[in-house]
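Visitor: coords please:
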Amino acid sequence: MSRKPHFSYWLIAATGLLWSLGGCLNYITQTSPEAVAQIPEVYQLLINGRPAWATAGFAISVFGGAVGCILLLMRRRQAVPVLALSLIGTLVIGYFTFRVIGPVSSMVMAVLMSLALLAYAIMVRRSGVLR
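Guide: Residues are numbered from 1 along each chain as shown. Okay, the predicted model is just below:
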């Protein structure tokens with residue numbers, strides 16, 4: 001029997017979804033040569049020189065996070081493995097970013113957010129909120 005979630009559950013899941021959708025938008029924007037041409041050259045070099053494994057990590061990170069948060073909003077247990085996969089993707093793109101340009105605050109925030117969402121999903125699954 002699943003428990004009724006507290007209001008904060010919905011707030012956290014929706015905030016995670018908005019965060020992840022922002023990442024999805026960032027990913028999609030980076031696939032457009034016209035959009036990439038508008039950003040500073042140092043970022044253009046980073047995006048255009050990114051290997052396929054790092055790009056795959058980026059995609060898994062943001063789209064996995066969005067799907068995981070949608071599953072949270074649907075109160076589905078499958079949110080946990082999807083958010084775990086998203087965290088792995090975040091660590092992959094974080095590794096690439098760190099190796100190329102060093103620590104970046106936005107990347108640190110992305111890792112922390114992915115970790116927090118996964119930890120929260122595990123917690124609410126154990127408490128019986130997820131079905």
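
Visitor: export the helix or strand bottoming out on mean pLDDT in the chain to PDB, keeping only CA atoms.
Guide: The weakest-scoring helix or strand in the chain, judged by mean pLDDT, DSSP states H and E, is helix 41-48 (a mean of 90). Extracted in PDB, the C-alpha atoms of helix 41-48 (Å, rounded to 0.1, in the frame of the first residue of the first chain):
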ATOM      1  CA  GLU A  41      34.600  30.700 -29.000                       C
ATOM      2  CA  VAL A  42      35.900  28.900 -26.000                       C
ATOM      3  CA  TYR A  43      32.600  27.100 -25.600                       C
ATOM      4  CA  GLN A  44      32.300  26.500 -29.300                       C
ATOM      5  CA  LEU A  45      35.600  24.600 -29.100                       C
ATOM      6  CA  LEU A  46      34.500  22.600 -26.100                       C
ATOM      7  CA  ILE A  47      31.200  21.600 -27.800                       C
ATOM      8  CA  ASN A  48      32.600  20.900 -31.200                       C
END
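
Visitor: all helices for the protein, in order.
Guide: For the chain, the helices defined by DSSP state H cover 7-30, 33-36, 41-48, 52-73, 79-101, 105-126.

Visitor: and those as a markdown table, adding mean neighbour count?
Guide: Every residue, glycine included, has its C-beta placed from N, CA and C. Listed next are the helices of the chain as a markdown table, based on neighbours: other CB atoms under 10 Å:
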| stretch | mean neighbour count |
| --- | --- |
| helix 7-30 | 16 |
| helix 33-36 | 11 |
| helix 41-48 | 13 |
| helix 52-73 | 21 |
| helix 79-101 | 20 |
| helix 105-126 | 17 |
